[in-house]
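**Q** could you work out the structure for the sequence below:
(one chain, ligands or ions: 1)
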Amino acid sequence: PFPLYRQMRDTNAVYKDTNHSWNVFRYEDVKQVLNDHNTFSSQVSFEERSILSMDPPRHQKYRSMASQLFTPKMAMGMAPRISAVVKELISALRGQEETDLVRSLSIPLPLYVLTDWLGVPPEDRLPFQRWSELEVKYNSYTGGMDAYENESETLQDELCSYFQWMIDNRRRQPKDDLVSALLSVKADTGGFTDGELVDFCFLLIIGGIETTAHLLTNTVLTLDEHPAVLQRLRNDPDAVSKVIDEVLRYRSPVQSTFRIVLHDVEIGGHLIDRGEPINVWLGAANRDERIFENAETFDIDRKNNPKHLAFSSGIHHCLGVHLAKLEVKIAITELLTQISQFERIRVKELVPIHSTVLLGLESLPINYKFVE
Ligand code: HEM
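**A** Numbers count the residues shown, from 1 in each chain. This next block holds a predicted model:
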């Protein structure tokens with residue numbers, strides 16, 4: 001999408017498309033929209049059930065509950081578990097020389113970590129895994145939705161019933177897991193129904209797996225394209241955080257989000273009427289050369305740049321930032337340690353997903369060699 005984004009930033013920065021949706025592409029315009037929730041609503045319909053699509057004051061109620069649980073400290077507490085999962089998944093690659101990294105690492109890593117954290121035991125993971133793989137496939141599928149929609153909806157119902165069962169179970173018998181923690185936070189703030197908690201758990205699955213999977217895949221892909229950066233990472237493993245942050249800017253897993261205008265407003269000289277929808281192109285803002293010098297270049301030494309918008313900005317800023325970055329950091333570090341010639345991780349064939357929201361790959365077949 002990147003050449004198109006550039007063209008739009010230069011010639012049609014605020015643009016009404018044939019579906020009567022507005023689109024914003026420049027960094028400053030995107031930021032204006034994200035940071036002004038009084039003008040730009042996330043609530044697409046009245047019956048929104050996910051925190052992502054709520055406006056204040058309802059949003060605030062969820063957010064204050066959730067932000068107690070999604071702290072950097074919480075993410076650090078997950079590190080040993082993440083490492084164990086990464087080691088297990090990478091060890092399973094021994095004895096072969098090629099794999100599809102999306103299936104063998106990118107999806108299972110966030111899936112195992114998140115389900116573990118929620119309190120789902122390994123033997124109950126399968127429907128979660130199937131659902132996540134379907135989502136990636138569904139985003140890749142250009143021939144219409146029916147093939148995946150039915151199965152995905154059935155699974156979705158199954159997963160929500162499972163969360164309801166967990167909530168009942170943990171209410172009687174709390175454990176050291178996220179579902180129990182959500183129930184005890186609930187006791188402090190009051191007012192969450194079981195249905196609301198089920199919706200929140202499900203949103204974590206929607207928002208936390210495929211996104212993180214694409215970040216990991218996009219990082220491997222980008223390193224494969226930039227051998228000098230890979231070499232630098234070998235000599236200076238601490239540079240991994242800079243690499244991941246630059247991948248977030250350069251190949252943002254979430255390329256766009258959506259808002260509705262609540263009252264007439266001007267963006268970049270265009271008057272936008274109340275009620276009109278806007279596609280907010282995070283991926284285009286992150287490559288805006290008005291803000292990022294040599295924006296189309298992957299450069300881990302960027303300085304004095306404002307923050308990229310890969311995790312959004314304003315009140316909906318992603319809650320999973322610390323967890324997602326930590327998972328990818330541990331995975332990349334372990335790949336570099338265990339696989340002697342990461343250079344010989346050869347990406348064979350790219351299968352991009354066809355989505356305007358997510359940027360990633362359906363599969364990433366690679367060849368590799370382990371350290372003996
Ligand atoms: C919100 C991106 C991982 C949970 C968001 C938004 C973005 C985003 C762009 C805001 C959208 C908007 O403003 O309309 C990402 C990316 C990830 C990632 C790129 C991985 C690289 C995660 C993970 C979790 C998570 C691992 C949970 C475990 C959430 C939640 C929200 C959110 C709960 C809603 C926050 C709110 O509405 O207040 N994410 N996310 N995300 N994300 Fe993430």
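**Q** check whether the helix or strand encompassing R81 comes near the ligand.
**A** Secondary structure assignment for R81, by DSSP states H and E: helix 72-91. No: contact of helix 72-91 with the ligand (C-beta under 6 Å from any ligand atom) is absent, the minimum separation being 9.4 Å. No exception for glycine: its C-beta is placed from N, CA and C like everyone else's.
**Q** strands paired with the next helix or strand after that helix, and their directions?
**A** Next along the chain after helix 72-91, taking DSSP H and E as the criterion, comes strand 98-100. Note on strand 98-100: by DSSP bridges, its sheet partners are strand 365-367 (antiparallel).
**Q** so where's the chain uncertain?
**A** Applying pLDDT under 70 to the chain picks out residues 45-48, 138-147, 186-191, 340-351, 372.
**Q** residue nearest the centroid of it?
**A** T211 (2.6 Å; C-alpha atoms, centre = their mean).
**Q** doesn't L359 make contact with that one?
**A** No: look at T211 against L359 with C-beta atoms under 8 Å: they stay out of range, at 10.1 Å.
**Q** tell me the phi and psi of the residue nearest to the centre of the chain?
**A** Backbone torsions for T211, taken as degrees, to the nearest 10, come to phi -60, psi -50.
**Q** next, the buried residues of the helix holding R81.
**A** When burial is assessed from 16 or more other C-beta atoms under 10 Å, helix 72-91 yields the following buried residues: 75, 78, 82, 85-86, 89-90.
**Q** same deal with stretch 269-283?
**A** In stretch 269-283, counting by 16+ other C-beta under 10 Å, buried: 272, 277-283.
**Q** return it as PDB; C-alpha atoms alone will do.
**A** Taking C-alpha atoms only, stretch 269-283 is exported to PDB below (Å, rounded to 0.1, in the frame of the first residue of the first chain):
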ATOM      1  CA  GLY A 269      -8.700  22.600   5.200                       C
ATOM      2  CA  HIS A 270     -11.600  20.300   4.500                       C
ATOM      3  CA  LEU A 271     -14.900  20.700   6.200                       C
ATOM      4  CA  ILE A 272     -16.300  17.300   7.400                       C
ATOM      5  CA  ASP A 273     -20.000  17.100   8.400                       C
ATOM      6  CA  ARG A 274     -21.400  15.500  11.500                       C
ATOM      7  CA  GLY A 275     -22.200  11.800  11.100                       C
ATOM      8  CA  GLU A 276     -19.500  11.200   8.400                       C
ATOM      9  CA  PRO A 277     -17.200   8.200   8.700                       C
ATOM     10  CA  ILE A 278     -13.400   8.500   8.600                       C
ATOM     11  CA  ASN A 279     -10.800   5.900   7.800                       C
ATOM     12  CA  VAL A 280      -7.700   6.800   9.800                       C
ATOM     13  CA  TRP A 281      -4.500   5.500   8.100                       C
ATOM     14  CA  LEU A 282      -2.000   4.800  10.800                       C
ATOM     15  CA  GLY A 283       0.300   3.000   8.300                       C
END
